[in-house]
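[1] the following block contains a protein sequence and its predicted model.
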Amino acid sequence: MLILISAIALLTGFLLGRARAMGRENASVRNQMELWQRSFEKRFYSILEYASIGMASVTLGGRIIEVNHQFSAILDYLKEELESASLEDICHPDDLALNLFNIDRLIKRFTDACQLESRYLTKDGRTVWVLQTISLLVSDQGTPLHLIIQIQDITERKQHEHALRENEYRLRTMLDSVPARISYWNRELRNEFANSGYEEWFGFTPEQMLGRHFREVIGEERYQANLSHIEAVLRGEPQLFEREFTDMRGISHYAQITYQPDISGGQVRGFFAQVTDITQRRQSEQELRKSEQLFRNVLENAPIGMALVALDNHFKQVNQAFCRISGYTWEELMSLTTSDITHPDDNQSYQAIVQRLKDGEIDAYEIEKRYLHKDGTIVWVQLTASLLRNESGKPYQIIKQVQDITERKQLEFDLERQAHTDYLTGLANRRHFLELAEHELAHVRRYGGDLAVAMLDLDHFKNINDTYGHQVGDIVLKTLAALCHQMLRNVDVIGRIGGEEFAILFPETDMQEAHEIVERLRIAIARKDVPTAENGAIRFTASIGIAAYTPSDTGIDILMSRADKALYDAKMTGRNRVAQAESGP
Ligand SMILES: Nc1nc2c(ncn2[C@@H]2O[C@H](COP(=O)(O)OP(=O)(O)OP(=O)(O)O)[C@@H](O)[C@H]2O)c(=O)[nH]1
């Protein structure tokens, strides 16, 4: 009501003042005025009471005298509750001081009214943002009477503004944390946005970038270099290119640049620029290329064969040395697998070890194996294989290094043969014969079966030597070896165990069979002509003792010594004959 009265008082005061000034102050006018005053009173009362703006009449000391409906509605109070409250009760504590300061300025007449956004508290403590106008009501004499406070609820707008600011803040924080320079340029090439990345390279903060021309930011030279891309993006064509450049600190970078047009309604309004530092990527790409080149060079020029093989055994890459070793061309090998060139006898064991590698049981292996050269010959190789894994540790290829060791292998075989063989006759030497015989005896003792041994000694060999010479004696020895080879089975082992002493091992043979065989051999020997240069053909004979295995032959020496005894008997009973050993030691 006081607001109303105050407003009417102001208005009637104004009208009466005007009437006085016009010199027409008389009773009828005064009456008329009072009528107006009453009429206004009624109309303003309803207008102000139900105005959409909250209004309050407040004493100069801050006590609320009267509020309209909207004022109490905004603050969620009953009108009566507010009319006994003070400004301190409803102002937000953080805004109270400013409000009191402004009221003080009004009272001191430094200003007529003050408008500001301020926070109030509702009855239940909620914060309400209002647009607040405070004005001072003064008497005719100019004495301050009351304060009139008008408030408009702007909480929703403030919340939107706050949300917008939050979003902007988040977006900028996000864009500032992106490891790239991001900016927006309008058609006039003036900057409208830039993240903080530009400062490091070009020396401009995002704020300093705003409104600057593209040329000014990146410099004339770079601007000219990029002009064709700028023109293209302004035609609506997205751009992607790379540039090497030095930043303001003298550090050189390799950058990938994208320009994305901002098109609206078919018109290019501007473009987004994104500059990504790809220096490290470029360096690692270059290093990778270098190491790949190096690897290729090493592979190609390596003196040993090298091959990259897929897990399905297909060749993926081979060098010249590998082609030489295998006899196949690069193209041929690319359609072959390692099994295709592996000797069939080695393939099974080879595949087994490759499988262990693929299964991750082992990371590398080294073996000697046989390849089949394209021309069908056997190539012995020493092969070293290592598993290659991808970045996630999964096996994906095998790298193989292959050395041709055929010559070395041949030498080894020759040496081994020499170590086992009698140089004159080519038969097994004493040591090797004993090894084989011992092995055979162990087999029989374990699994059962027959085994016989014959000891053979040339008769009066000394006479042959003495009569025809040592050379003829050698020929006789070789002739005997050849005859044995000719007449005995492949499984029989023949050894020269002394000067003119020989031993023959007959696996799976009993005494009777052995006897028949050596008897035939004895006859053949006796009938064999040995041609000599000076004396025509000569003949020689041999005495043979045989022993068949019995369980009491616990070692080959026992079995052989029984055969030796029989040989002695054969010698003693006239030579050129076969004698059987008694069974048992
Ligand atoms: N030509 C030649 N003679 C050898 C070789 N090794 C041993 N002899 C000879 O073989 C002869 C063996 O003679 P003896 O042990 O007396 O036996 P033998 O003359 O055959 O008489 P019996 O065995 O009793 O029939 C010796 O004269 C040896 O020099 C050899 O490699 N070449």
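    Sure, I can see it. Residues are numbered from 1 along each chain as shown.
[2] which residues of the stretch 1-150 of the chain fall in helices?
    Using DSSP state H, counting those that start in this stretch, the helices of the stretch 1-150 of the chain run over residues 2-21, 27-49, 69-74, 79-82, 87-90, 93-107.
[3] these: lowest mean pLDDT?
    Mean pLDDT is lowest for helix 2-21 among the helices of the stretch 1-150 of the chain, at a mean of 48.
[4] can you list the residues of the stretch 351-500 of the chain near the ligand?
    Within the stretch 351-500 of the chain, the positions adjacent to the ligand are 424, 457-462, 465, 470, 473-474, 477, 499-500 by Cβ under 6 Å from any ligand atom. Placement of C-beta: from N, CA and C, glycine included.
[5] now which of the residues you listed would you call buried?
    Buried members of these, scored by 16 or more other Cβ atoms under 10 Å, are 457-459, 461, 465, 473, 477, 500.
[6] tell me which of these is nearest to the ligand?
    Nearest to the ligand among these, counting by Cβ to the nearest ligand atom, is residue 473 at 2.5 Å.
[7] who are the contact partners of that closest one?
    461, 464-465 (Cβ atoms under 8 Å, 6 or more residues apart in numbering).
[8] what distance do you get for the closest residue to residue 81 other than its chain neighbours to residue 74?
    Of all residues not flanking residue 81 in the chain, residue 123 sits nearest, at 7.2 Å (Cβ to Cβ, 6 or more residues apart in numbering). To residue 74, residue 123 is 11 Å away according to Cβ to Cβ, to the nearest Å.
[9] what of residue 493?
    Applying Cβ to Cβ, the value for residue 493 to residue 74 is 120 Å.
[10] average pLDDT for the helix or strand hosting residue 570, rounded please.
    Assigned by DSSP states H and E, residue 570 belongs to helix 556-572. Mean pLDDT, computed over helix 556-572, is 97.
[11] just stretch 212-230 next, same as before
    The predicted model gives stretch 212-230 an average pLDDT of 93.
[12] which bits of this structure sit near the ligand?
    Checking the chain against the ligand by Cβ under 6 Å from any ligand atom, the hits are 424, 457-462, 465, 470, 473-474, 477, 499-500, 571.
[13] and which of these is nearest to residue 444?
    residue 457 (25.0 Å; Cβ to Cβ).
[14] now do the SS call for the closest one.
    strand (DSSP: H, G, I helix; E, B strand; the rest coil).
[15] and for residue 553?
    Look at residue 553: counting by three-state DSSP, its state is coil.
[16] tell me the phi and psi of it?
    phi -80, psi 80 (degrees, to the nearest 10).
[17] do you know how far the residue nearest to it when sequence neighbours are not counted is from residue 451?
    Closest residue to residue 553 apart from its sequence neighbours, by Cβ to Cβ, 6+ apart: residue 559 at 4.1 Å. Noted for residue 559: a distance of 8 Å to residue 451, by Cβ to Cβ.
[18] quickly list what's touching both of those two.
    Taking Cβ under 8 Å, 6+ apart as the contact rule, residue 559 and residue 451 both touch 441, 549.
[19] what about the strands in the stretch 351-500 of the chain?
    Secondary structure of the stretch 351-500 of the chain by DSSP state E, counting those that start in this stretch: the strands cover 364-372, 378-389, 395-404, 428-429, 451-458, 493-496.
[20] out of the ones you listed, deepest packed?
    Stretch with highest mean neighbour count among the strands of the stretch 351-500 of the chain: strand 451-458 (a mean of 26; mean count of other Cβ atoms under 10 Å).
[21] direction included, what does it pair up with?
    strand 501-507 (antiparallel), strand 542-548 (antiparallel) (DSSP bridges).
[22] quick one, helices of the stretch 251-400 of the chain?
    Under DSSP H, counting those that start in this stretch, the stretch 251-400 of the chain gives helices at 279-301, 320-326, 330-334, 338-341, 344-358.
[23] quick revisit: want to throw the contacts of residue 473 into TSV with pLDDT?
    Below are the contacts of residue 473 laid out as TSV (pLDDT from 0 to 100):
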residue	pLDDT
461	96
464	95
465	95
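[24] which of the residues you listed fall in helices?
    If you go by DSSP state H, these have 461, 464-465 in helices.
[25] make JSON lines out of those residues and add distance to residue 262.
    Listed next are the ones in helices among the contacts of residue 473 as JSON lines, based on distance: Cβ to Cβ, whole Å:
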{"residue": "461", "distance to residue 262": "113"}
{"residue": "464", "distance to residue 262": "115"}
{"residue": "465", "distance to residue 262": "114"}
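[26] spatially central residue in the protein, please.
    residue 391 (3.0 Å; Cα atoms, centre = their mean).
[27] give me the phi and psi for that one.
    Dihedral angles for residue 391 - degrees, to the nearest 10 - are phi -60, psi -30.
[28] repeat that for residue 329.
    Dihedral angles of residue 329 (phi, psi; degrees, to the nearest 10) stand at phi -80, psi 170.
[29] how many other residues sit next to it?
    Around residue 329 there are 11 other residues, counting by other Cβ atoms under 10 Å.
[30] list the contacts for it?
    Taking Cβ under 8 Å, 6+ apart, we find residue 329 in contact with residue 323.
[31] that older thread, and among the strands paired with strand 451-458, the most buried is which?
    Stretch with highest mean neighbour count among those: strand 542-548 (a mean of 26; mean count of other Cβ under 10 Å).
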